[in-house]
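Undergrad: just need the structure, nothing else, for what follows:
(4 chains)
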2 protein chains.
Amino acid sequence: MTTTERRPRGRPKDMDKRAAIIASARALFFERGLEAVRVEEIAVAAGVSKMTVYANYPDKASLFEAVMNQQGARMQDAFGHLQLNPGKIDETLLQFGRTFLTFLLSPEIMRFDEIVSAEMGRHPGLGQRFYHGGPNRLWNTLATVIAAADGKGELKTDDPERAAEDLISLWLGLAPLRHRFNELPPMSEQEIMDRVLHGVAVFMKMYCAGD
Amino acid sequence: MTTTERRPRGRPKDMDKRAAIIASARALFFERGLEAVRVEEIAVAAGVSKMTVYANYPDKASLFEAVMNQQGARMQDAFGHLQLNPGKIDETLLQFGRTFLTFLLSPEIMRFDEIVSAEMGRHPGLGQRFYHGGPNRLWNTLATVIAAADGKGELKTDDPERAAEDLISLWLGLAPLRHRFNELPPMSEQEIMDRVLHGVAVFMKMYCAGD
DNA sequence: TATATATTGGATTGAAGAGTCCAGAAATAA
DNA sequence: TTATTTCTGGACTCTTCAATCCAATATATA
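TA: Now for the predicted structure:
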């Protein structure tokens, strides 16, 4: 199903250029935001004429959408690597938390969040897609893990979703707020591990089966 | 110091108009965001000519700043009403939490947050001012309350700031995220009380002096 | 080679909207 | 009244960019 197409008549579209365009667009949008970037700039950065940009994407908005979708897909991919080796629940949670926080507090994702926030108003559905593809998916995953642990008697809760919400909230704390509104350097490994440990500690105090 | 000025020569500036301008600007900005509103519209809504707008504010950006400052001041005011009657710590926390959540999850503040997020990039310092005047101030207040309770032996913690962060995080949970990215109706009284109670429950389990 | 499509750079169009100009009307102190 | 300042409405200037048009050139198939 990959290369069954017979080449059409004339000069073929240069797919490398298409890739260069979206890559440059992504870089510039992430650096300065949608409005602040001119289509011309993207073309130059991609080493391509402006018309070629428009030959690949009908307008600036479509290009932006494409970038956002690509970024969403990347995010999903990252979740794939989040494999949970079945062990003791607290260790599972620690591992999960470390991956989780490192990912969510990475400059890339923080910036993604900012851009979505800034353009949400002009792009209906963008916020929803981000939420469901990102935070919500992680929330569900964690809730499943917790429900399983409850089933095995390692944890005690009749509302795994709320438990998961508690844990996530404890992990994140006010860090997203701090980083979104102030311009802070990314969180250190140290600090992340500290947050993860503390979150799990509070969580276990509440939800550990040995009431 | 209020009305000591001798009236200058000609027709005096109509302060009601100035007020009408900023009020209309606020309403429109909150409804549709900075970019989407034309200065002309603000003038019409305020029942004033466009030139009068420019007579009061040098440009659109200044008008926007003025609106943001006014809104910040309102927010501060709201905190003033947050009086803590000294009683048992858990009751104090319940009362604090109720006021806190009702306020932070109100449509007005949620929208304020959105607008700040959207315009932060183009308005340096806006994010910081919002954070320090809003979330950060509340955080400090709560930390003080907790520290006092620790002093009286009602709670046990050697890091009141972190404890406050935990409690705030538990109260808010993922609600801000859910409401920011999806368009959800404001949270009901019921739901708010439920969140407050649950947050305090988890918090007390961790930090209650009777370990 | 003939035909078809892509790419290029450069010029051009078109729309939107911020901010200005101006001449007359309105409000106020002297 | 008169001088002085504000307000009004509307036309006007200026800038910025997205998006289009075009003639020349490049790359492919048949």
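
Undergrad: can you classify A:Pro185 by secondary structure?
TA: Under DSSP: H, G, I helix; E, B strand; the rest coil, the three-state class of A:Pro185 is coil.

Undergrad: what's the burial count for it?
TA: Using other C-beta atoms under 10 Å in any protein chain shown, the number of residues around A:Pro185 comes to 7. Any C-beta I mention is one placed from the backbone N, CA and C, and that applies to glycine too.

Undergrad: surely A:Ser117 meets B:Pro176?
TA: No: counting by C-beta atoms under 8 Å, A:Ser117 sits too far from B:Pro176 to count as a contact (11.6 Å).

Undergrad: look at the two and report which has more neighbours.
TA: Neighbour comparison, A:Ser117 and B:Pro176: the larger count goes to A:Ser117, with 22 against 16 (by other C-beta under 10 Å).

Undergrad: contact partners for the residue lying closest to the more buried one once chain neighbours are set aside?
TA: Nearest non-adjacent residue to A:Ser117, counting by C-beta to C-beta, 6 or more residues apart in numbering or on different chains: B:Ser117, 4.0 Å away. B:Ser117 makes contacts with A:114, A:117-118, A:180, B:127, B:180, as judged by C-beta atoms under 8 Å, 6 or more residues apart in numbering or on different chains.

Undergrad: can you pull the pLDDT of A:Thr4?
TA: Listed pLDDT for A:Thr4 reads 47.

Undergrad: A:Ala20 and A:Arg111, how far apart?
TA: Between A:Ala20 and A:Arg111 the computed distance is 21 Å (C-beta to C-beta, to the nearest Å).

Undergrad: how about A:Trp171?
TA: 20 Å.

Undergrad: and for A:Leu126?
TA: On the measure of C-beta to C-beta, A:Leu126 and A:Arg111 end up 15 Å apart.

Undergrad: what about those two, which has more around it?
TA: Each of A:Leu126 and A:Arg111 has its neighbours counted (other C-beta under 10 Å); A:Leu126 has more, 21 against 15.

Undergrad: find me the pLDDT at that one, would you?
TA: Looking at A:Leu126, its pLDDT stands at 97.

Undergrad: quick one: residues contacting the most centrally placed residue in chain A.
TA: Centroid-nearest residue in chain A: A:Met75, 4.1 Å away (criterion: C-alpha atoms, centre = their mean). A:Met75 sits next to A:109, A:112, A:133-134 when contact means C-beta under 8 Å, 6+ apart.

Undergrad: would you format those as JSON lines with distance to B:Lys152 and pLDDT included?
TA: Output for these, formatted as JSON lines (distance: C-beta to C-beta, whole Å; pLDDT from 0 to 100):
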{"residue": "A:Ile109", "distance to B:Lys152": "42", "pLDDT": "95"}
{"residue": "A:Phe112", "distance to B:Lys152": "45", "pLDDT": "97"}
{"residue": "A:Gly133", "distance to B:Lys152": "47", "pLDDT": "94"}
{"residue": "A:Gly134", "distance to B:Lys152": "42", "pLDDT": "93"}
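
Undergrad: which SS class is the residue of chain A found nearest DNA strand C?
TA: The nearest approach of chain A to DNA strand C comes at A:Gly10, 2.1 Å away (C-beta to the nearest atom of the strand). Of the three states, A:Gly10 takes coil under three-state DSSP.

Undergrad: which residues touch A:Met26?
TA: Let me fix one detail, which is that residue A:26 is Arg and not Met. A:67, A:70-71.

Undergrad: buried subset of these?
TA: Listed as buried from the contacts of A:Arg26 are A:67, A:71; burial here means 16 or more other C-beta atoms under 10 Å in any protein chain shown.
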